[in-house]
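[1] Okay, structure incoming, though there's no sequence with it:
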């Protein structure tokens with residue numbers, strides 16, 4: 001079973017929420033980093049003041065070691081967390097701040113020439129955390145001619161505790177901000193989908209008896225305009241198809257009603273009194289004509305249904321249209337002589353690739369239609385010609401009363417007649433031209449009708465077949 005896609009609201013909420021969470025986390029990290037760097041710089045400034053004070057004391061003349069120690073002790077005055085350890089390079093300790101033991105840091109840290117944010121480092125001793133540096137004092141600062149090492153440090157427990165509390169506070173603030181941002185995102189997405197819900201409500205109103213409802217593209221957001229236009233186009237096609245289906249149902253009921261009524265009437269007449277064999281035979285022959293009429297109508301409808309589903313099957317090959325027209329002329333010859341109608345074909349022998357029987361049926365329907373509506377003594381003409389380098393043009397023309405331009409495209413619709421008065425004059429069920437269109441389209445061609453010089457001209461274009469003959 002195919003898994004249902006995640007909703008758009010959830011997708012947008014998760015995506016935007018994830019971006020907001022990342023932004024808040026990065027922002028929190030930057031703030032935390034900035035505060036930590038501020039503390040480091042603050043500690044460096046405090047240690048630099050101690051280093052400067054020690055160096056100043058050392059360059060001044062000293063009377064004895066006790067005086068030097070008293071003055072060095074005053075170097076951390078005002079710097080409560082500062083400590084230092086002054087030794088010679090030989091390891092002799094000159095002075096160490098009371099209560100501090102920086103010897104371990106001296107052994108593990110590298111010696112620097114200057115004190116800055118890059119030369120300090122952190123370490124832990126007896127549960128306390130320190131930040132400090134090991135400095136080689138300038139050459140002018142010495143005792144007994146020996147260079148001096150100064151280990152200077154400050155207690156940073158307060159800073160670390162503050163940062164730890166700040167991290168907890170920042171996490172809570174970030175969590176609350178993320179939840180608020182996600183909820184706000186969901187609400188914004190929900191409100192943003194309001195036009196979709198409104199469109200869905202309008203679509204629910206559309207039923208088979210309300211197919212005229214359309215969405216107004218100007219009342220929806222720009223992003224949904226194309227959707228509204230496409231939906232309206234789909235409704236136009238559905239309404240047209242539904243109308244055609246309704247008309248088709250009504251037309252077929254009307255067409256079948258006549259033969260069924262005739263059969264019923266004739267049967268009732270036959271049963272109304274006793275008749276001889278000849279009379280019964282005549283009634284049966286009359287009924288047979290009605291059966292044949294209904295069978296042809298059902299066969300034509302089945303053919304059109306197969307054509308719409310692209311299920312037409314048959315043997316395809318090269319077809320000489322000139323020969324097919326001559327065969328059909330021979331078939332219609334008796335009818336043409338009876339009505340004094342002239343059949344005429346002009347043009348070269350043109351070849352197409354297709355099903356011979358279906359193409360013959362299409363041409364037969366066109367000729368039958370032309371013969372049916374041509375007055376006595378007139379002419380039905382068929383013209384064959386090459387159209388471009390790859391198309392074949394077939395034109396069937398016959399004299400006709402003027403047909404309004406709006407009727408011409410509809411002549412190929414099922415049961416359509418431009419002259420409604422011909423409905424009951426035995427002129428067929430109105431499926432012949434629809435079958436012509438389906439056959440031509442099945443062969444990759446086009447068919448159209450035009451009224452030119454008091455003639456109705458049916459025009460068929462088919463792909464040309466190239467062979468040794470054509």
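    Noted; the coordinates are in hand. On a predicted model such as this, the values are computed, not experimentally measured, just so you know.
[2] shouldn't residue 228 be in contact with residue 216?
    Yes - using CB atoms under 8 Å, residue 228 makes contact with residue 216 at a distance of 7.3 Å. Backbone N, C-alpha and C define where each C-beta goes, glycine included.
[3] More neighbours: those two, which one.
    residue 228 (20 against 9; other CB atoms under 10 Å).
[4] Where does that one sit: helix, strand or coil?
    Secondary structure assignment for residue 228 (DSSP: H, G, I helix; E, B strand; the rest coil): helix.
[5] Please apply the same query to residue 207.
    Quick answer, by three-state DSSP: residue 207 is coil.
[6] buried ones in the helix or strand harbouring residue 187?
    Element membership for residue 187, per DSSP states H and E: helix 157-192. Within helix 157-192, the residues scored as buried using 16 or more other CB atoms under 10 Å are 159, 160, 163, 170, 174, 177, 178, 181, 182, 185, 186, 189.
[7] want to throw the residues you listed into CSV with distance to residue 352 and pLDDT?
    Formatted as CSV, these follow (distance: CB to CB, whole Å; pLDDT from 0 to 100):
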residue, distance to residue 352, pLDDT
159, 94, 87
160, 93, 88
163, 88, 88
170, 81, 87
174, 76, 85
177, 74, 86
178, 71, 84
181, 69, 84
182, 67, 84
185, 63, 84
186, 63, 85
189, 59, 83
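[8] from those, which is closest to residue 439?
    residue 189 (53.6 Å; CB to CB).
[9] low pLDDT regions in the stretch 301-450 of the chain?
    Residue ranges of the stretch 301-450 of the chain with pLDDT under 70: 307-314, 415-430.
[10] what are the ranges of the strands in the stretch 51-200 of the chain?
    82-88, 93-96, 111-112, 121-125, 128-136, 142-143, 146-155 (DSSP state E, counting those that start in this stretch).
[11] Does anything pack onto the helix or strand containing residue 397? Which helices or strands?
    Assigned by DSSP H and E, residue 397 belongs to strand 391-399. For strand 391-399, the packing partners by 3 or more CB pairs under 8 Å, 6 or more residues apart in numbering; DSSP states H and E come out as helix 356-372, strand 379-387, strand 455-463.
[12] again, 10 Å this time
    Packing partners of strand 391-399 (3 or more CB pairs under 10 Å, 6 or more residues apart in numbering; DSSP states H and E): helix 321-339, strand 342-346, strand 351-355, helix 356-372, strand 379-387, strand 446-452, strand 455-463.
[13] what helix or strand does the closest residue to residue 270 other than its chain neighbours sit in?
    Among residues not flanking residue 270 along the chain, residue 283 sits closest, at 4.7 Å (CB to CB, 6 or more residues apart in numbering). Residue 283 is located in helix 277-308, with elements delineated by DSSP H and E.
[14] Please name every helix or strand in contact with that helix.
    Packed next to helix 277-308, using 3+ CB pairs under 10 Å, 6+ apart, are helix 222-271, helix 356-372, helix 432-442.
[15] Next one: the residue positioned nearest the centre of the chain from residue 8, what distance?
    In the chain, the C-alpha nearest the mean C-alpha coordinate belongs to residue 227, at 10.7 Å (CA atoms, centre = their mean). Using CB to CB, to the nearest Å, residue 227 is found at 13 Å from residue 8.
[16] between the two, what contacts are shared?
    residue 196 (CB atoms under 10 Å, 6 or more residues apart in numbering).
[17] so can I have JSON lines of the helices and strands packed on helix 277-308 showing distance to residue 24?
    Converted to JSON lines, the helices and strands packed on helix 277-308 look like this (distance: least, CB to CB, whole Å):
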{"stretch": "helix 222-271", "distance to residue 24": "28"}
{"stretch": "helix 356-372", "distance to residue 24": "71"}
{"stretch": "helix 432-442", "distance to residue 24": "62"}
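[18] and residue 395, which of the ones you listed is closest to it?
    helix 356-372 (9.7 Å).
[19] Tell me the gap between that closest one and the middle of its chain.
    45 Å (CA atoms, centre = their mean, to the nearest Å).
[20] Likewise for stretch 51-66?
    So, by CA atoms, centre = their mean, the centroid of stretch 51-66 is 81 Å from its chain's centroid.
[21] quick one: average confidence on that stretch?
    Mean per-residue pLDDT for stretch 51-66: 77.
[22] Give the buried residues for it.
    Buried residues in stretch 51-66 (16+ other CB under 10 Å): 51, 53, 54, 55, 57, 58.
[23] next one: stretch 390-403
    Applying 16+ other CB under 10 Å to stretch 390-403 flags 391, 392, 393, 394, 395, 396, 397, 398, 399, 400 as buried.
[24] Relative to residue 4, how far out is the residue nearest to residue 147 when sequence neighbours are not counted?
    Using CB to CB, 6+ apart and skipping residues adjacent in sequence, the residue nearest residue 147 is residue 89, 5.0 Å away. In this view, residue 89 and residue 4 are 77 Å apart by CB to CB.
[25] same thing with residue 282?
    Taking CB to CB, one finds residue 282 at 69 Å from residue 4.
[26] again with residue 84
    To residue 4, residue 84 is 71 Å away according to CB to CB.
[27] Also residue 325?
    With CB to CB as the criterion, residue 325 and residue 4 are 59 Å apart.
[28] what do you get for residue 134?
    Where residue 4 is concerned, residue 134 sits at a distance of 66 Å (CB to CB).
[29] So between these two, which is more surrounded?
    Remark: of residue 134 and residue 4, residue 134 carries more neighbours, 24 against 6, as counted by other CB under 10 Å.
[30] so who does the more buried one touch?
    Counting by CB under 10 Å, 6+ apart, the residues that residue 134 touches are 85, 87, 102, 105-112, 115, 119-121, 149-153.
[31] On the strand side of things, show who it bridges to.
    residue 111, residue 151 (DSSP bridges).
[32] Where do the domain boundaries of the protein fall?
    When the chain is parsed with automatic domain parsing, its domains come out as 8-164, 217-308, 316-463.
[33] export those domains to a markdown table and tack on distance to residue 197?
    Formatted as a markdown table, the domains of the chain follow (distance: least, CB to CB, whole Å):
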| stretch | distance to residue 197 |
| --- | --- |
| domain 8-164 | 11 |
| domain 217-308 | 12 |
| domain 316-463 | 39 |
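[34] quick one: which of those domains is nearest residue 195?
    Comparing these by CB to CB, domain 217-308 comes nearest, at 5.4 Å.
[35] just checking, residue 117 touches residue 36?
    No - the pair residue 117 and residue 36 fails to qualify as a contact (CB atoms under 10 Å) at a distance of 11.2 Å.
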